[in-house]
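**Student:** coordinates for the following, if possible.
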Amino acid sequence: MLTFAIRRLILAIPTLLFIGLVIFLLLELAPGDPMADQPLTIPPEVREEMRRALGLDQPWWVRFGLWLRQIAVVEPKVLIDRLLGTSLYAGEPRIISWQTKFPVMDIIVQRLPQTLWVVGMAYVVGVLIAIPIGIVSAVRQYSAFDQIGTFVSMVGFSVPTFFTGVLLIVVFSVNLGWFPSIYDTQLRVTDWDSFVRQLRQMAMPVFVLALFNASQISRYMRASMLDNLTQDYVRTARAKGMTERTVVLRHVLRNSMIPVVTVIALGIPSIFGGAIITEQVFKVNGLGQLLIIAINANDLPMVQTLTFMFAVLIVLFNLIADLLYGILDPRIRYD
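**Tutor:** I've put the predicted structure just below:
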């Protein structure tokens, strides 16, 4: 398995290089000018000097090579220095946001906790809810629980998150006043009262995202369980006198988790990307909102770095899902 992982990581390098090039070229061809928001009273020579300061006077392949070196060499040095207290970083130019004039990775690190708190918690809650619902719905097929679960899953998966979010704000925030409609990113949990306030402001965005995630994963879980419940090994296990609990949880569930693991693993990068629409609705100051602000401001370094990070996470968790196959299914061998 280690050999397989190393081989996949080596093959991922040209893939990520190609993805980075495609992202760079798409942003290069996109309409818009980072100098468009500047006042029209700025003299042309000053405007041209500002463009040179941003590196826009250089060819695209030079700027792409510089960005590639910064994200592959310079930024890892800064990260290692902060984690281990070393001094690898020697003052090389970092990726700077055109909008804020601060390092892009520093801004991402500042926004990351809010995204992990809200979107990450919603994903964990959604997975913990979806798996039991999928198991019970498959074991009790066509029962009242299965019908209700199917209806709720279809509604949760079909209705857009922005509509669900606005509906919850109107009902529980405007009319009932139970929960705040705007997420307070400055809140710090220091005592019981602040902890309760944190839970109250997280309730609605977490519910909206957890409902969407649970609806999708529970359908995969149910379908996979139904496929395995009709297999010969299940009838053999029952014929040997095993209890239904042992058959379902020890044998059927383990084989059914193989396709579900793919859905769960590939959905984890969305945690770091943030639920863009939901963060906009509830004013969560996370990575999703950061990406929207950067796109509106034509902040190409920020947009390019964020999208490349999402691509890296997708490739990484795809590898993790493949490795989990070998753990869940002993028939799969990578060596």
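**Student:** dump the residue contacts of residue 295.
**Tutor:** residue 303 (CB atoms under 8 Å, 6 or more residues apart in numbering). For the C-beta atoms, the positions are set from N, CA and C on the backbone; glycine is no exception.
**Student:** mean pLDDT per helix and strand in the chain: which one sits at the bottom?
**Tutor:** In the chain, no helix or strand scores lower on mean pLDDT, DSSP states H and E than helix 269-273, which sits at a mean of 66.
**Student:** let me know the average pLDDT across whatever helix or strand comes next after it.
**Tutor:** Counting by DSSP states H and E, the next helix or strand C-terminal to helix 269-273 is helix 276-282. On average, the pLDDT along helix 276-282 is 75.
**Student:** run the chain-centre distance for helix 276-282.
**Tutor:** Helix 276-282 has its C-alpha centroid displaced from the chain centroid by 14 Å (CA atoms, centre = their mean, to the nearest Å).
**Student:** could you list every helix and strand in contact with that helix?
**Tutor:** Judged by 3 or more CB pairs under 8 Å, 6 or more residues apart in numbering; DSSP states H and E, the packing partners of helix 276-282 are helix 161-168, helix 192-229, helix 287-296.
**Student:** nearest to residue 86, out of the ones you listed?
**Tutor:** helix 287-296 (27.1 Å; CB to CB).
**Student:** list the buried residues of the closest one.
**Tutor:** Across helix 287-296, burial judged by 16 or more other CB atoms under 10 Å covers 287-295.
**Student:** then stretch 60-68?
**Tutor:** Within stretch 60-68, the residues scored as buried using 16+ other CB under 10 Å are 63-64, 67.
**Student:** shaky segments in the protein?
**Tutor:** Residue ranges of the chain with pLDDT under 70: 1, 32-42, 47, 50, 53-54, 270-275, 329-335.
**Student:** now, which of the buried residues of stretch 60-68 sits nearest residue 309?
**Tutor:** For the buried residues of stretch 60-68, the residue nearest residue 309 by CB to CB is residue 67; the value is 12.9 Å.
**Student:** quick one: contacts for the closest one?
**Tutor:** 24, 95, 301, 304.
**Student:** now for the residues you listed: which two are most distant?
**Tutor:** So, those by CB to CB: farthest apart are 24 and 95, at 12.5 Å.
**Student:** look up phi and psi at residue 96.
**Tutor:** phi -110, psi 130 (degrees, to the nearest 10).
**Student:** can you report how many residues lie near it?
**Tutor:** Neighbourhood size, residue 96 [other CB atoms under 10 Å]: 19.
**Student:** what of residue 222?
**Tutor:** Around residue 222 there are 25 residues (other CB under 10 Å).
**Student:** was I right about it contacting residue 140?
**Tutor:** No - using CB atoms under 8 Å, residue 222 makes no contact with residue 140, being 10.5 Å away.
**Student:** need the overlap of contacts for those two.
**Tutor:** Common contacts of residue 222 and residue 140 (CB under 8 Å, 6+ apart): residue 146.
**Student:** tell me which of the helices and strands packed on helix 276-282 lies nearest to residue 327.
**Tutor:** Among these, the nearest to residue 327 by CB to CB is helix 192-229 (16.6 Å).
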